[in-house]
Structure formats: structure tokens, C-alpha cells
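Trainee: just need the structure, nothing else, for what follows:
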Amino acid sequence: NGFSFEDGFVIAPNWKRAVENGLIEWKETDILEIVLALKAGSLGIKQIEVPQLKNTDYLKFNEYKKIKIGKDYSVLANAVRPDFALIHAQYCDLEGNVFIEDPLIDRLIAGASKKIIVTVEKIVKSVKNATISQEKIDCIVHAKNGAMPTSCFGFYDYNLKGIRSHLMKSKAGKTSEIIDFSAKSVFSRSSIDNMIIAMAGLIKNGTSVATGVASPLPMIGVMFAKESGKKFDYFNCGSGSINPVLKEPAYSSVTISALLQKQSFMELPDVWEHALKGEIDTMFFGAVQISGSGDVNITCIGDYKKPKVKLPGPAGAVTLRDLCRNAVIVTQRHTKKTFVEEVDFVSSSTDKDTIAITNLCVLKLGGKPEILYTYADSSIEEVAANTCFELECRNSRIAEGITAKDMKILSKIDKHSIRYKIG
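Mentor: Numbering: from 1, shown residues only. Got it, this is the predicted structure:
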């Protein structure tokens, strides 16, 4: 639903406005349901079981048939069979075979769709290992720069001027379409550095770590942990890269740089296969509203059917948050608007305790929310004043200040101080 770049996180403005004004009917859900519904469409079956879809208000607003499994249950989702798939690719050959270098979900979409239209950057004599074979494609269009102003791996990165121009034209006189949660907040440089060090501290040797589709700051936390000498596997969900070599931070975790040098590539449907096997130890998630019990809202402010503010949506957080061993919530805005008594919409929740890393402290959310530690330049009183629910603090400590060694690592991995510009 959106894109993270130099100006913050923005949702497609016209779509967002239509939802907020009640001009369209809409349904939102976890990516796992979309992946499985497309899989059902490709297999020609009408419904498919969606495991782990629980602890969310989507179950109240979306219609599902429930299946009882012991004390728990799963839901059935209807198959998705698009009339048309519009896909952009790097290459096609003279016979019409298409090759996509980074087919995160393209293969699945093509398999489920009735007709496939592909735009390509370049026509070549032949391609090896076609991503989509010619007999499945209805139309191919040679469209150089066809993905602009967004990116096409191997050809160009996203065009900042083009994105800003599109947003300005879409605003129709409105002053802001970049949602409140991504507006630049007032924070000290040390608070950002503290958050990065805290995230890196949660990453252990010999584990597997994942970041989501809008996680530029957690990505720097991963870089810090790597530079500190820790050995672990890292999956960048936004690009599909496993153990990418990240030479510098980016304003978006969906970055071409993650595709340049990598150990391997994983298509999006395979993420849940790994998660269901318990192969994701730690994953970082974002949030707009967070409650003491660990409920998270990243769906909407106000009524779901006609929200006051449409938020980015959960991506895969509904299911992945429960499947990974350690779910970590990250927010740069520790305020009473973020840490609320009750969220407007439960996008995701979990029965497990959840760690939250903020610009003021590190919390443990769940049955008894508590402050694990504050930073050297924050305090328990400041945390309490910016939180709407009670926090236990008897065992809270003050973290060690940022050391010269920490600053050396931060300066090495982020030579241009991009971390301070991420909103």
C-alpha cells in the first residue's frame, strides 16, 4: 500500500483518499492470506485454509468460514483469480519468454491470473530459465523505463524527483498525504543511535533475523550487528535477499542494494514456509498505535469502514509476528498517541511477550508491561509521561551510554548519517 523513501512513508494518495472518504469498498488482510488465495486460484480450487490468522480485528470485518482444530481454529479464504495480471520484467526473448531477476511474487500472480500482460525493459534473442514462459502470456509490451519512477533491478533505482512529482499531482491541493506516523518527529541523534544499538543487541549469534518491507532503521541495526562481528542469517523481506551485503543504509528497506550482492534469493511465498518451521528467530515490525498488552495498530485511525486516517496495513505482521520466536516492535515516536490504552484496530497481537524499542527506552509488553531499560539521556519519568498505560519499573536499569567503539561502527556503516534522516 505504500513506499518508504527520503520524505518518509507514503501511501498511494488517491487510493488512501478514496478509502478515507468512503468512495470505495475495500478489504485488507495479511499477506499470507493473499499468497494462499493466489495459490488457490492457480490450483483451481475455491477456498484454502489460512493458518495462524488469529488475534486480529480482520476476523471481525472480513468474512471467513472457520475450521475447528482441537482447541484452536483456522479460517478458509476464497481463492483469488485476477482477470488481468500487469507485470513488469527485465527481459523477454523473441519467442515471448520472460525473465525477471527478482520475482518476489510475480510467478504466483501470473499462475493465478486469467490473462497476463507483461511490460519489459529489453527484448533479447533468448533467455535462460524463463520466469514466465511464452505460452502463459497474452501480451508483451516493450516499455523502456516502464517501472519509473519506482525501480527496476539491473536497470535503475527509484527516481526521487519523479516520486515527488507524482505525489504533488496526486494531492489535489491538499497539504499532506504523507501520513502522520511518518511525519518527521523531533528526536535527538543519540536516541536514534541508542535504538540501533538496542536492536543489534537483541540479535544473537547463530540465529536468523528478518526485517519487513518498511524497515530502514532495523536494517541499520542488522548492519551494526554484522559489523560488530556477530554471525547470523539475515532475510530482507522487502527484496527477497538472504544475507545481502549492505554497504550503506537506504531510506527504504525495499532497496536495490540488497539485491546486488547476496547469498541467495527467496520468493515471498517461501517466507511462511520458513516461519512455520520455526526458522525465523527474530523479526522487527513497525506500529502506529501500541497497547500495554502488545496489541498493534497499523491499519487505520477511527472506524475501519470509513477511517479518519488509513494507515499502511500489516503486510505479513498478523501471522509472522506469531510465528517468529521473538517479535520486536520498533517506533521512533514514544508519545501518548503511540502508546495508547487501547488501539483503534487490532492489526496484530500475540499471546507471547513482545519487546518494543523506542526513542526513549526498551519495553516488555504483555501481561505486565514493564520498562526493561532507559537510555543514558532519558528517564523513567519521561517514559511514563509519554505512555497512556501503567508500566512496571522496579527492575528497570539505565543502559550504558554510547561508547567510542559504538560510534566507530556507526560511522563506518553510515558514512553519510542517513540514519538521522529516516523519519
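
Trainee: got any ranges where the stretch 51-200 of the chain has weak pLDDT?
Mentor: Residue ranges of the stretch 51-200 of the chain with pLDDT under 70: 172-187.

Trainee: same thing but 50
Mentor: Applying pLDDT under 50 to the stretch 51-200 of the chain flags the ranges 173-186.

Trainee: who's in contact with the closest residue to residue 139 other than its chain neighbours?
Mentor: Leaving aside its chain neighbours, residue 139 sits nearest to residue 117 (4.6 Å; criterion: C-beta to C-beta, 6 or more residues apart in numbering). Where C-beta positions appear, they are placed from N, C-alpha and C, glycine not excepted. Residue 117 makes contacts with 84-87, 137-141, as judged by C-beta atoms under 8 Å, 6 or more residues apart in numbering.

Trainee: one more time with 10 Å
Mentor: 84-88, 137-141 (C-beta atoms under 10 Å, 6 or more residues apart in numbering).

Trainee: can you show me the strands along the stretch 1-150 of the chain?
Mentor: Listed in chain order, the strands of the stretch 1-150 of the chain (DSSP state E, counting those that start in this stretch) span 2-5, 8-11, 47-50, 65-69, 72-78, 84-93, 98-99, 115-124, 139-142.

Trainee: dump those strands to JSON lines, plus distance to residue 369.
Mentor: Output for the strands of the stretch 1-150 of the chain, formatted as JSON lines (distance: least, C-beta to C-beta, whole Å):
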{"stretch": "strand 2-5", "distance to residue 369": "28"}
{"stretch": "strand 8-11", "distance to residue 369": "26"}
{"stretch": "strand 47-50", "distance to residue 369": "30"}
{"stretch": "strand 65-69", "distance to residue 369": "31"}
{"stretch": "strand 72-78", "distance to residue 369": "26"}
{"stretch": "strand 84-93", "distance to residue 369": "45"}
{"stretch": "strand 98-99", "distance to residue 369": "50"}
{"stretch": "strand 115-124", "distance to residue 369": "49"}
{"stretch": "strand 139-142", "distance to residue 369": "54"}
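
Trainee: and residue 225, helix, strand or coil?
Mentor: Assigned by DSSP: H, G, I helix; E, B strand; the rest coil, the conformation of residue 225 is helix.

Trainee: separation between it and residue 209?
Mentor: The gap separating residue 225 from residue 209 is 8 Å, by C-beta to C-beta, to the nearest Å.

Trainee: residue 131 and residue 109: what is the separation?
Mentor: For residue 131, the distance to residue 109 - C-beta to C-beta - is 11 Å.

Trainee: could you check how far residue 17 is from residue 171?
Mentor: As judged by C-beta to C-beta, residue 17 and residue 171 stand 9 Å apart.

Trainee: let me redo that: residue 254
Mentor: Distance from residue 254 to residue 171, by C-beta to C-beta: 23 Å.

Trainee: these two - which one has more neighbours?
Mentor: Each of residue 254 and residue 171 has its neighbours counted (other C-beta atoms under 10 Å); residue 254 has more, 24 against 15.

Trainee: wait, doesn't that one sit right on residue 268?
Mentor: No: using C-beta atoms under 10 Å, residue 254 is not in contact with residue 268; the gap is 11.9 Å.

Trainee: re the thing from before, the residue nearest to residue 139 and residue 200: what is the separation?
Mentor: Between residue 117 and residue 200 the computed distance is 44 Å (C-beta to C-beta).

Trainee: show me the common contact partners of residue 225 and residue 209, please.
Mentor: Residues touching both residue 225 and residue 209 (C-beta under 10 Å, 6+ apart) are 199, 202-203, 232, 234.
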